[in-house]
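Asker: kindly return the folded structure for what I paste below:
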Amino acid sequence: MIVATTNDLAGYRIVRHVGLVRGITVRSRSIVGNVGGAIQSVFGGKLSIYVNLAETARQEALEHLIEHATEQGANAILAMRYDANEIMDGITEVLAYGTAVVVEAE
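Answerer: Prediction:
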């Protein structure tokens with residue numbers, strides 16, 4: 001599966017638009033993560049516990065996006081984007097979305 005943030009794909013032509021596809025996950029911080037994050041924040045710098053949580057959530061949403069596009073018969077996703085919203089304190093929704101298409105090499 002080709003995934004691009006651009007609206008077109010150099011070297012390929014779009015032969016069919018499949019439509020909007022999305023992948024979503026909802027994640028929460030654990031008590032251990034909150035304590036570890038609080039300790040890291042005292043010393044400043046990169047909060048690796050939260051970085052890892054964010055990266056895991058984005059990767060999971062991306063995997064769901066690719067699954068959805070594959071189920072729809074696409075071989076590429078264009079204009080891929082992420083969005084995130086806090087549903088409630090400590091619980092975040094991460095959405096990956098884009099336009100599923102079928103492409104062929106030019």
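
Asker: where does residue 10 land in three-state SS?
Answerer: coil (DSSP: H, G, I helix; E, B strand; the rest coil).

Asker: ramachandran coordinates for it?
Answerer: phi -60, psi 130 (degrees, to the nearest 10).

Asker: for the chain, what helix or strand is lowest in average pLDDT?
Answerer: When the helices and strands of the chain are scored by mean pLDDT, DSSP states H and E, helix 31-43 comes last with a mean of 53.

Asker: pretty sure residue 59 is in a strand, no?
Answerer: No. The assignment for residue 59 is helix, going by three-state DSSP, so no strand is present there.

Asker: what about it, how many neighbours?
Answerer: By other CB atoms under 10 Å, the residues close to residue 59 number 13. In short, each C-beta sits where N, CA and C put it, glycine included.

Asker: contacts only, for the closest residue to residue 8 other than its chain neighbours.
Answerer: For residue 8, the nearest residue in space outside its immediate sequence neighbours is residue 78; the separation is 6.9 Å by CB to CB, 6 or more residues apart in numbering. Contact analysis of residue 78 by CB atoms under 8 Å, 6 or more residues apart in numbering lists 4, 6, 7, 8, 9, 14, 98, 99, 101.

Asker: residue 91 too?
Answerer: Contacts here follow CB under 8 Å, 6+ apart; on that basis residue 91 touches 26, 27, 28.

Asker: list only those of these flagged as buried.
Answerer: Buried members of these, counted by 16 or more other CB atoms under 10 Å: residue 27.

Asker: the strands in this structure, which residues?
Answerer: Read by DSSP state E, the chain holds these strands, from start to end of the chain: 2-3, 12-28, 76-88, 91-105.

Asker: and the last one, which residues are buried?
Answerer: Taking 16+ other CB under 10 Å as the basis for neighbour counts, the residues of strand 91-105 that come out buried are 92, 94, 95, 96, 97, 98, 99, 100, 101, 103.

Asker: ok, residue 99 to residue 59 distance?
Answerer: As judged by CB to CB, to the nearest Å, residue 99 and residue 59 stand 21 Å apart.

Asker: low pLDDT regions in the protein?
Answerer: Counting by pLDDT under 70, the chain has low-confidence residues at 29-48.
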